[in-house]
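J.: here are the coordinates; sequence isn't available:
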């Protein structure tokens, strides 16, 4: 009887001491989302950029940081095929920038995800051009076709549904970048009407650019960098060019979130890991821990 009363007292003290409406109780477990330009199999910048010389350390980095979803840019199909063996816990959706799925050496902008954790309810691709549904169409003054891969995804455990958009904007065409941003912003109201939107990408513009200002001042999207409760490598840039001494502060890889109150950003991390003096890509991955409301 004394043991029973003692247990009751302890439970009562715990309940009384616990804060009412504890803010930590309103969030689900974090989803680890990355934007990562993993660079194509570039044999010109050899040996650092050759995929066979870095695919194993790419695997190590992904496993170390345990990404749930990766908005990736630039990989060839040969690289995505390798991921089936290197990282069998992941699947991907996407087509090449010319709209097919068989050319081994053509760029993709895929969404890579843990297949046991998420279900893809719907997905598709649009081209950044006046002919946005025409595969391989080149927009304005762009150097090459550029695409956005979109996916409506469901967390199998929590049932939460959200949209992921993954983009790679042109590195040459200034008009192409301007009009691609306009196209993106015109689409956000429709895709965010029901579910939160996560926009990952290599945008080829930094945090001081006009296009960045257009996005964060649009009232439609916020930069997760500005929302994060904690930061790792806050002042680092995201393009390293395989240079261990690079100290740029220019961020061209971003994760934007649709406006709303259904989420919080626990952390923002520009991951600068090297492996015996080698980087897995010429970009650093950007990762956030996203909290969705219960």
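T.: Structure received. Just so it is clear, the structure is predicted and the values come from calculations on it, not from any experiment. Residues are numbered from 1 along each chain as shown.

J.: quick one, phi/psi of residue 37?
T.: phi -80, psi 110 (degrees, to the nearest 10).

J.: could you count how many residues lie near residue 247?
T.: By other CB atoms under 10 Å, the residues close to residue 247 number 9. From N, CA and C alone the C-beta is placed, and that goes for glycine too.

J.: next, the contact list for it, please.
T.: Contacts were defined as CB atoms under 8 Å, 6 or more residues apart in numbering; by that measure residue 247 touches 236, 237.

J.: before we move on, what about the one 5 residues further on?
T.: Residues counted as contacts of residue 252 (CB under 8 Å, 6+ apart) are 202, 203, 204, 205, 206, 237, 238, 239.

J.: equivalent analysis for residue 120, please.
T.: Contacts of residue 120 by CB under 8 Å, 6+ apart are 93, 113, 151, 152, 153.

J.: do the same with residue 168
T.: 37, 73, 74, 107, 109, 146, 147, 201, 202, 204.

J.: sort out for me which of these are in strands.
T.: Of the contacts of residue 168, the ones assigned to strands by DSSP state E are 37, 73, 147, 201, 202.

J.: from residue 86, how far out is the third one?
T.: To tie it back to what came earlier, the one meant is residue 147. 24 Å (CB to CB, to the nearest Å).

J.: what's the longest helix in this structure?
T.: Ordering each helix of the chain by length in residues (DSSP state H) puts helix 174-191 first.

J.: tell me what it is packed against?
T.: strand 161-168, strand 197-202, helix 210-216 (3 or more CB pairs under 8 Å, 6 or more residues apart in numbering; DSSP states H and E).

J.: in that helix, what's buried?
T.: 176, 177, 178, 179, 180, 181, 183, 184, 187, 188, 191 (16 or more other CB atoms under 10 Å).

J.: residues touching that helix, excluding its own?
T.: 128, 132, 139-142, 146, 148, 150, 163, 165, 167, 169-170, 197, 199, 203-205, 210-211, 214-215, 218, 220-221, 258.
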